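Enquirer: Everything below, folded, please.
(one chain, ligands or ions: 1)
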Amino acid sequence: MPNEVQFAGTKAEVCQRAKAIRSQYFKDKMSVNDFLSSIMDENNGNVQYSDTVERGETLKVNADGSFVIYLSNATSQLRDNFTIAHELGHYFLHTDIKAPGDCIHTRRGSNRKEWEANWFAAELLMPAEEFTAAAKEHNNNAYRLATLFEVSPSAAMVRLTALNLD
Ligand SMILES: [Zn+2]
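Expert: Alright, predicted model coming up:
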């Protein structure tokens, strides 16, 4: 894959990239769906649903810089939100769109790029400051936090742990 970037930076740098994207696209009271759609629209990206599990939860970036995020029909909207944010992480962190050629990222695996995409997604959807304040308000209740941030309860639990709030 000629146009893949192997390593995006430190955790702090990755979170900084996510914060910058969020401040560019997130408008007050926006739903997560509208937020993610606005990022994709501005960057020539779209979502396609697939019945085959292997195709689901992958990102394909075309030579012209446009991209498709494939989701499985079998997953929930809340899980899909995090998957889209994760794949956007690969798009912004790991894709050199100036280099020609297609590339594909999946959600599977546990290499450095997957960690970076997860850090990006967590900060994009559950910004550390807002999440910490909300966790305090809701007594670290992962289900309440999941509803509030439109992610799955398991994603909210991981975020609580990552921010040392549990
Ligand atoms: Zn991935």
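Enquirer: From what I see, K60 and Y70 are in contact.
Expert: Yes - between K60 and Y70 there is a contact under Cβ atoms under 8 Å: 7.1 Å. Bear in mind the C-beta positions are built from the backbone N, C-alpha and C, glycine included.
Enquirer: higher neighbour count, these two?
Expert: Y70 (20 against 16; other Cβ atoms under 10 Å).
Enquirer: Low-confidence bits of the chain, can you list those?
Expert: 1-6, 52-55, 98-103, 106-110 (pLDDT under 70).
Enquirer: what residues go with each domain of it?
Expert: 11-125, 126-166 (automatic domain parsing).
Enquirer: Take the ones you listed and lay them out in JSON lines including distance to the ion.
Expert: As requested, the domains of the chain are arranged in JSON lines below (distance: least, Cβ to the ion, whole Å):
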{"stretch": "domain 11-125", "distance to the ion": "4"}
{"stretch": "domain 126-166", "distance to the ion": "14"}
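Enquirer: ok, the residue lying farthest from the centre of the chain to K11 distance?
Expert: In the chain, the residue that sits farthest from the middle, by Cα atoms, centre = their mean, is N139; the gap is 25.3 Å. The gap separating N139 from K11 is 27 Å, by Cβ to Cβ, to the nearest Å.
Enquirer: what do you get for S154?
Expert: 20 Å.
Enquirer: Chain neighbours aside, what residue packs nearest to L165?
Expert: The spatial neighbour of L165 that comes closest, neighbours along the chain excluded (Cβ to Cβ, 6 or more residues apart in numbering), is A135 at 4.8 Å.
Enquirer: A12: how many residues sit nearby?
Expert: 8.
Enquirer: Quick check: it vs H94, distance?
Expert: In terms of Cβ to Cβ, A12 sits 17 Å off from H94.
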